[in-house]
Structures are given as C-alpha cells and as structure tokens.
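In: with the input below, show me the fold.
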Amino acid sequence: MKEKGPLDSQGEEFRNRHLRRADWRYLLVNPRPARSVCFSNGLLAQAVQTVSTKWFSPGKVSPGECDLAVAANPSRTTLLSAWQALRPGGEFYGEWYSPLVGGAQGVRQRLEAAGFTDVACYWPWPIPGISAALFWLPLEAPQAVRYFLSSRPRSAHPAASLSRAALQILWSFAWRTRLLAPVCAIARKPVGDISPSGSHATTSSLQQEILARWSSWGFSGTPSQLDWLLWTGGKRSINKVVGYVFPPGEDQPRMVVKLPRSPESLPGLAHEVEILQALQSKETAAVAHLPKVLFVQEWGGMPALCETAVPGQPLYTFLRQDNFHELAISVTDWLASLAAGEPLRPRNIWWNKIVEPALDDFMQSFASVLDTSVPPACRSLLERLGDLPRVCEHRDCSPWNLLLTSAGELAVLDWESAELDGLPGLDLAYFLTYLAFFVDEAKQTSQMLEAYRRAADPATPTGRVQAECQRRYADRTGLDPATLRPLRLLAWLIHSRSEYHHLAADTGGIPQPAALRSSLFYNLMLEELVHE
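Out: This is a model prediction of the structure:
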C-alpha cells in the first residue's frame, strides 16, 4: 500500500496532465475514492494515484479492500480480479480502445458477465492517454448525444462547417454499427447477491440531491434518473469540469453542475455563487440572461455548484465581417446598461481598492523587464481618472463567454472573476479587444498586437466599430470619452495579474524575463503608453 503523493510540489504541466487523465472520476459515485487499485501502468495508473487517498498495486490488494478498480483494455481475467478487489458497492472504471469490442453493448456484456451491475458507457474524445479528453458522451442517452453534436460551434468557414458535418455523420455511423471507439464504462460490484435498483447515474449523493429538489425549481415530472454529459475543457488544472444534466428523453439540459478539478478552483467557484446570487436579486434587463444558482453541495470533499442551463451558441461562432458591427453594438449596450442609474463615486473611494493594488502588483511582477519610464507614465495616465460610477465588472467579457440564444438574445456565462464593486469601461475594453482578435483571426501575441493597433485606427473596419462602440458607451453611461483610455490601461494592469500567475505556475517559480516580455497584457499596456 502506498500513500498518494502531493501535487503541490509539482509544476502545472504535471498537475494538469495527471488530473485531466482522471477526469472520468466525475462519472463515479464518489470522485474522491478512498482506496483504489489500477490494473494498468503509465499515466492512467499515476492519475489514479493522484485522485485517490490510498492506492494499491494489483499484487498487493486484499479481496474486498478497494472502493475503485481501474483497467484499460481489460481481459476477462482482469475483470474478475477487479471484481474481487472491490468491496460490495465498489466501482469499476474501464477503457476499451478497439472497435472490435462491439461498442457499448459489447462492453456491457463483458462487465455483466464478470458480475458487475449498473453499467454506464461513455465515449470520450479526444482519446484519453493520447490527449486530454474534452467531453464524455453518455452512449445510452441518445438525446444528450444529439444535443452535443448539434451544439458544436458553427463556423463561417466552409472547411470548418464541413468538418463539423463529417463528425456527426461518422459518429452516427460508428455508433449504429457498434464500431465506436474508445468506449469507457463505469460499473458497480453489487451489494450482496442482489443488484441495486435504478441506474448507476442516480446513485451519487449529488444527483440524488438534484432529484430531491427537482419539483422545488418548478420542473415538472420528477425523473427517476438523470443522464450526465461531461465537459472537461480548458487548458489548466484550475479549469473546472462541467456536467450537463438531462432528464431521460429530453434533448436540452435543464442545468449544469460546475465541479472543481483542484483546490485552487474553489475561490473562483465560491465567488461565482456570490456574484450570481447578488445579480439575481436585481430585477433589471441588464442581468436577464444569466445562469441562476440552484444549490451548492459538497461532493467528494469539494463543493459542486448547480446552476440553470443557459442555451445558446458562443458569440465567436457567429462572427463574420458582415455582422460583427451588430454584435459589438449589442454587447456594448448591455455593458452600458450595467452602469445605468449608478451615481458617481468620489475617486478616493475606489482608487486604493482597485487602482493602487493593480499598479503595485504589476510593478512588482514585471519589474525585471520594465523600463524606468513605464511606472511614472502609467501613474500619469491613470491620474486622469476622476469620479466614476460603481459597475459590476464581468472581467472575462469575451466572445467565448457570451452566447446568443435561439431568440437572438445575449446571455453571459462564467462570472467567477467578476467584481461587484468595479469600474466602468474595463469590460468594454476587454470585449472590443478580443472581438478584434477574433475578427482578424489573430492567435499569436504578435498577430494580436497588430490587430490591436488596427482596432485603434478608425480608418480600419475594426477601428470604426471600436470607435462607434466607445462613443455609444460614453453617451449611454455619461462618461467623458477621454476617460476610456486610462480605463483601458487599467484593464490591462488588472488582467496582467492573472497572466503572471499562470506564467509562474507554468515555470514552478518566478517567470523568466523572456516569458514576461511575451505577455499579452504587458504588451497591450505598453501600446497604451506609446502616445503618452
């Protein structure tokens, strides 16, 4: 028996790779098993160790000792060994990579022949072990699969649209012919000689709580079970896992559940609850299309946040040269509405809370690459700010967190970075900047800087839209248009803080000067000082 090694001493690349290799744990009854055994080697075995309190090698486990057994491409003998290692009610997780296994039906037959019950099969993609899986589709819930395939981001590019259509056709063919691979499955060792009743998906305390509260949310027809589609995207270990919850037969999720992948995710999750609950109390059109918090419950030692599902497609999937002006105006008007009716606050109320910490953090974090002229230039530009209204900032107001509903209305997701007691103009700068990046298809820092310069020129397409949106925002909020430039600088100072933390996590220490110089927000800040 071995104790789990701590992740705290490891760099972000190690943490992220190992935690993501075990994202399937959110399909279990308990995503934090106490005792586990893995019948495979390599990254899968290491990931099991990472997420288990204790783990055993197959040759050193006693019968009935484990809560979880894991295997890849298990033989009949391995399945029997896993069954013996589990306590009654313990769970098995397996992966089958050959299309010859017979799809979900073939996997189910193998598991039931070994004595397992409550089998639930999933299709992860990309293939676990080769790349971090981004989603896990429940193969025996076709309505959830249809939802997923139909909700794949659309693109104005013919090649991307063709690829999306090909994926749907190929997936449907493989599923019907039982050639779909890989197939992953969760199953249980029965308690005693009697198989537990009900579906595997209804056995977790989290999903039982959802079912218990179902009618209190105004949903009709409390289901006997729920289908669970798992989204495991993002690039870092701090990114959350999101479960989409479907009643059987319904092709739209009723709610989503946000799950922390690591302890570092907890403050953001708790903050999102605080922000959404505060916004829910405001009966204004400005906050009409937001998720609503249903409940928070501990699951596997960490909180799970259950919210209403907000259907729609990300804004960036709709962006084209002929419509980005209209979309930009829509978002600008929404951002302006957040400041509607808010009185001006004296500068001394918010300066020491927002501006001074942002300046201090930036100067300390980027000290090794800053020219001596930069700090006084930043302060000189920021000193132009006068009294400003209180505004709820989203602080990640980007085309990937903005949706368009089927009715063409705006919806806004992911409020974990928001600031209730914030300032106007910052979200506008962030949104218009990333809008220009998407419109100009800028993906590298150098390309982004070029797109940023073009957007600052009213003679360019993105520049004309940005200038109009800034005028419109100033008119609707009552701000002096000249105020938007120092506010834009402040936005980059604030966002450079999280970028620095990411660079530090990537290196496991103080980032090298070369990494700091390549920082996007550092460079955007310098761009604002060029004409100073």
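In: now do the helices in the stretch 101-250 of the chain.
Out: 103-113, 142-150, 158-176, 205-213 (DSSP state H, counting those that start in this stretch).
In: lowest average pLDDT across the ones you listed?
Out: Mean pLDDT values for the helices of the stretch 101-250 of the chain show the minimum at helix 158-176, a mean of 61.
In: what pLDDT does the nearest residue to Arg20 once chain neighbours are set aside get?
Out: Nearest residue to Arg20, sequence neighbours excluded (Cβ to Cβ, 6 or more residues apart in numbering): Ala132, at 4.1 Å. For glycine as for every other residue, the C-beta is placed from the backbone atoms N, C-alpha and C. Model confidence at Ala132, expressed as pLDDT, equals 85.
In: who touches Ala132 in this structure?
Out: Asn16, Arg17, Arg20, Arg21, Asp23, Pro126, Thr232 (Cβ atoms under 8 Å, 6 or more residues apart in numbering).
In: where does the first one land in three-state SS?
Out: It refers to Asn16. helix (DSSP: H, G, I helix; E, B strand; the rest coil).
In: just to revisit the earlier point, closest to Pro291 out of the contacts of Ala132?
Out: Thr232 (18.9 Å; Cβ to Cβ).
In: the closest one and Ala22 touch, don't they?
Out: No: the pair Thr232 / Ala22 is not scored as a contact, 10.2 Å apart, by Cβ atoms under 8 Å.
In: next one: the residue lying closest to Pro511 once chain neighbours are set aside, what pLDDT does it get?
Out: Once flanking residues are discounted, Pro511 sits nearest to Leu503: 3.9 Å by Cβ to Cβ, 6+ apart. pLDDT, Leu503: 90.
In: what is the burial count for Leu503?
Out: 18 (other Cβ atoms under 10 Å).
In: now for Arg464, how many residues are close by?
Out: A count of neighbours around Arg464, defined by other Cβ under 10 Å, yields 14.
In: in what element of secondary structure is it found?
Out: Using DSSP states H and E, Arg464 maps to helix 461-477.
In: any idea of the mean pLDDT for that helix?
Out: Mean predicted confidence for helix 461-477 is 97.
In: before we move on, what about stretch 329-336?
Out: Rounded mean pLDDT across stretch 329-336 is 94.
In: what's the spacing between it and its chain's center?
Out: Mean-position distance between stretch 329-336 and its chain equals 24 Å (Cα atoms, centre = their mean, to the nearest Å).
In: name whatever forms a beta bridge with the residue lying closest to Val242 once chain neighbours are set aside.
Out: Nearest non-adjacent residue to Val242, counting by Cβ to Cβ, 6+ apart: Trp231, 4.5 Å away. Assessed by DSSP bridges, Trp231 has beta-bridge partners Phe135, Val242.
In: Trp231: what's it in contact with?
Out: Going by Cβ under 8 Å, 6+ apart, the list of residues near Trp231 reads Leu134, Phe135, Val241, Val242, Gly243, Tyr244.
In: tell me the contacts of the second one?
Out: So the one you mean is Phe135. Taking Cβ under 8 Å, 6+ apart, we find Phe135 in contact with Pro124, Trp125, Phe148, Leu229, Leu230, Trp231, Thr232, Gly233.
In: and the next element down the chain from the host helix or strand of Ala504?
Out: Assessed by DSSP H and E, Ala504 sits inside helix 484-507. As assigned by DSSP H and E, the chain's next helix or strand after helix 484-507 is helix 513-517.
In: which other helices and strands does that next one contact?
Out: Applying 3 or more Cβ pairs under 8 Å, 6 or more residues apart in numbering; DSSP states H and E, one finds that helix 513-517 makes contact with helix 484-507.
In: identify each buried residue in the helix it packs on, please.
Out: 484-496, 499-500, 502-503, 505 (16 or more other Cβ atoms under 10 Å).
In: before we move on, the earlier item: and the contacts of Trp231, which is closest to Gly94?
Out: Distances from Gly94 to the contacts of Trp231, taken by Cβ to Cβ, are shortest for Phe135, at 18.6 Å.
In: please determine how far that closest one is located from Trp24.
Out: 12 Å (Cβ to Cβ, to the nearest Å).
In: part of a strand, is Pro31?
Out: No: counting by three-state DSSP, Pro31 falls outside a strand, being coil.
In: what about it, neighbour count?
Out: Pro31 - counted by other Cβ under 10 Å - has 22 other residues nearby.
In: I'd say it and Trp299 touch.
Out: Yes: here Pro31 reaches Trp299: they are 6.8 Å apart, a contact under Cβ under 8 Å.
In: what sits in contact with each of these two?
Out: Leu259.
In: can I see the domain layout of the protein?
Out: For the chain, automatic domain parsing gives the domain ranges 2-308, 313-529.
In: list the contacts of Leu484.
Out: Gly425, Leu428, Ala429, Gln470, Tyr473, Ala474.
In: tell me the contacts of the residue lying closest to the last one once chain neighbours are set aside?
Out: The shortest distance from Ala474 to any residue that is not its chain neighbour, by Cβ to Cβ, 6+ apart, is 4.3 Å, and that residue is Pro481. With Cβ under 8 Å, 6+ apart as the criterion, the residues that contact Pro481 are Gln470, Arg471, Ala474.
In: list only buried entries from these.
Out: Members of the contacts of Pro481 classed as buried by 16+ other Cβ under 10 Å are Gln470, Ala474.
In: can you put the contacts of Pro481 in CSV and add distance to Ala407?
Out: Shown next, in CSV, are the contacts of Pro481 (distance: Cβ to Cβ, whole Å):
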residue, distance to Ala407
Gln470, 28
Arg471, 28
Ala474, 29
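In: what ranges in the protein fall below the confidence cut-off?
Out: 1-10, 152-171, 173-178, 192-203, 281-288, 532 (pLDDT under 70).
In: for the closest residue in space to Cys397 that isn't next to it in sequence, identify the helix or strand it belongs to.
Out: Nearest residue to Cys397, sequence neighbours excluded (Cβ to Cβ, 6+ apart): Asp427, at 4.1 Å. For Asp427, the host element (DSSP H and E) is helix 426-439.
In: how far out from the middle of the chain is that helix?
Out: With Cα atoms, centre = their mean, you get 20 Å for helix 426-439.
In: tell me the angle that helix makes with helix 461-477.
Out: 160 degrees (axes from the mean of the first three to the mean of the last three Cα atoms, to 10 degrees).
In: so for helix 426-439, what gets flagged as buried?
Out: Buried residues in helix 426-439 (16+ other Cβ under 10 Å): 426-439.
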